[in-house]
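Participant: I'll drop the sequence and a predicted model, then ask my questions.
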Amino acid sequence: MDVPEAVHDSIVIGAGQAGLAASYFLRQRRIEHVVLDANPYPGGAWQHRWASLGMDDVHGVADLPGSTAPTRSARAANAVVPNYFGDYEREQGLPVVRPVRVDRVESEGDLLVVRAGEQEWRTRTLVNASGTWTRPFVPFYPGIGSFAGEQVHTAHYPGAEHFRGKRVLVVGGGASAVQFLGELAPVTETLWVTRRPPVWREDFDASAGLAAVTAVEERVRRGLPPASVVSVTGLALRPQEQEAARLGAYERLPMFDRIEADGVRWSDSPRAAGRFERVDAILWATGFRPAVDHLAPLGLRTPEGGIELEPVRGNVQGATTAVRDPRVQLVGYGPSASTIGASRAGRQAALAVSRALESRAA
């Protein structure tokens, strides 16, 4: 297909696992495109993860298409994975441009216009792979602004040594909270609070994984904001967290009702009515939200706040096409928000882009 120089057949936003997979499959289909990445270096969100997160600590890094991911080791994930991604970009000859922080995407006739400051690109289709790392979520609680201690989110976790000698409150019921407690409890005093009692698991087989991803897909199909895939898989303690367990770090408290200058207070919780706990630091392991604000001009959100995706029969991680604008594909969103799901969604997105371009040409 002859492509005018000023108009791309597709643009991919983001060069993490999902964006690189999408670019690979677009290239396989000979679809002209460019990948715009906000980061100064390869590696997606991995380059920003905390230094103490080793390859042994992560849930696993899936293979990028046509490649083999690094194996488990004691090496830092924020070095190993970015190196892997960088090598992959070069070996595959993927058209990544960085750093480009996309501000907004607008519709002009039958084209989409991607804007980043003074720069702009026109495209027939779009694959959004912007992930979640740039949108850390901290819930609001009364008094949050009055806390005199330190508040840190997962996105800026400085390591256990930073908190030595401080009484640390870890907030959140996901895998990151479990890992942080595993690091912190052996070096300082900790408390753990979650909104719901944690669900512990002994193992996690393929059928359980499918059920978890299907639950996330159902939310996206209804136009609801997606839940994290990890949030529905349950929690497990690894060998490196057994010492923290012995110290009682995983004896969970219900969520507090308000934050005060030197701690947190429960008002009427059945398990902690009137309780006050002094803390020096609050570590918010409360997750992230999809980084899709730049898509707001396209009006993709439903009244419920999510972006509804067209289901793909027989492939729960293959839903990528925005119902409200089929020119737009979302990968690494909802049911594909995992390293395995992102690669699978990349293939589906490239197929959908191909079909959309063929439809335009017909």
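Facilitator: It's in. Numbers count the residues shown, from 1 in each chain.

Participant: which residues in the protein form helices?
Facilitator: Assigned by DSSP state H, the chain shows helices spanning 17-28, 77-92, 175-184, 206-221, 242-246, 339-361.

Participant: Against which helices or strands is the longest one packed?
Facilitator: What it means is helix 339-361. Counting contacts by 3 or more CB pairs under 8 Å, 6 or more residues apart in numbering; DSSP states H and E, helix 339-361 is packed against strand 7-13, helix 17-28, strand 119-128, strand 328-330. Just so you know, the C-beta spots here come from the backbone N, C-alpha and C atoms, and that holds for glycine as well.

Participant: Go through it and flag the buried ones.
Facilitator: For helix 339-361, burial by neighbour count (16 or more other CB atoms under 10 Å) applies to 339-354, 356-357.

Participant: next one: stretch 43-55
Facilitator: Buried residues in stretch 43-55, counted by 16+ other CB under 10 Å: Gly43, Gly44, Ala45, Trp46, Gln47, Arg49, Trp50, Ser52, Leu53, Gly54, Met55.

Participant: Run the chain-centre distance for it.
Facilitator: Relative to its parent chain, stretch 43-55 has a centroid offset of 13 Å by CA atoms, centre = their mean, to the nearest Å.

Participant: repeat for stretch 85-92
Facilitator: 21 Å.

Participant: Stretch 127-140 now?
Facilitator: On CA atoms, centre = their mean, the centre of stretch 127-140 falls 6 Å from the chain's centre.

Participant: So for it, what gets flagged as buried?
Facilitator: Val127, Asn128, Ala129, Ser130, Gly131, Thr132, Trp133, Thr134, Val138.

Participant: and the gap between the last one and Leu295?
Facilitator: Spelled out, that is Val138. Using CB to CB, to the nearest Å, Val138 is found at 23 Å from Leu295.

Participant: What of the third one?
Facilitator: When CB to CB is the yardstick, Ala129 and Leu295 sit 12 Å from each other.

Participant: Same question for the first one.
Facilitator: Distance, Val127 to Leu295, by CB to CB: 12 Å.

Participant: same question, Tyr333
Facilitator: Noted for Tyr333: a distance of 10 Å to Leu295, by CB to CB.

Participant: Val331 now?
Facilitator: For Val331 relative to Leu295 (CB to CB), the value is 13 Å.

Participant: Kindly report the same for Ala361.
Facilitator: For Ala361, the distance to Leu295 - CB to CB - is 25 Å.

Participant: quick one, strands of the stretch 151-300 of the chain?
Facilitator: Using DSSP state E, counting those that start in this stretch, the strands of the stretch 151-300 of the chain run over 168-171, 190-194, 253-254, 258-260, 263-265, 276-278, 281-284.

Participant: for those, which one sits closest to Ala22?
Facilitator: strand 281-284 (30.8 Å; CB to CB).

Participant: how about the CA coordinates for that closest one, as CSV?
Facilitator: The C-alpha trace of strand 281-284 is given here as CSV (Å, rounded to 0.1, in the frame of the first residue of the first chain):
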residue,chain,number,x,y,z
ALA,A,281,5.6,6.5,57.1
ILE,A,282,2.7,5.3,54.9
LEU,A,283,3.6,3.2,51.9
TRP,A,284,0.7,3.2,49.5
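
Participant: what number of residues lie near Val81?
Facilitator: Using other CB atoms under 10 Å, Val81 has 26 other residues around it.

Participant: is it true that it touches Val61?
Facilitator: Yes. Contact criterion CB atoms under 8 Å: Val81 and Val61 qualify, at 5.9 Å.

Participant: what is in contact with those two at once?
Facilitator: Counting by CB atoms under 8 Å, 6 or more residues apart in numbering, the contacts common to Val81 and Val61 are Pro70.
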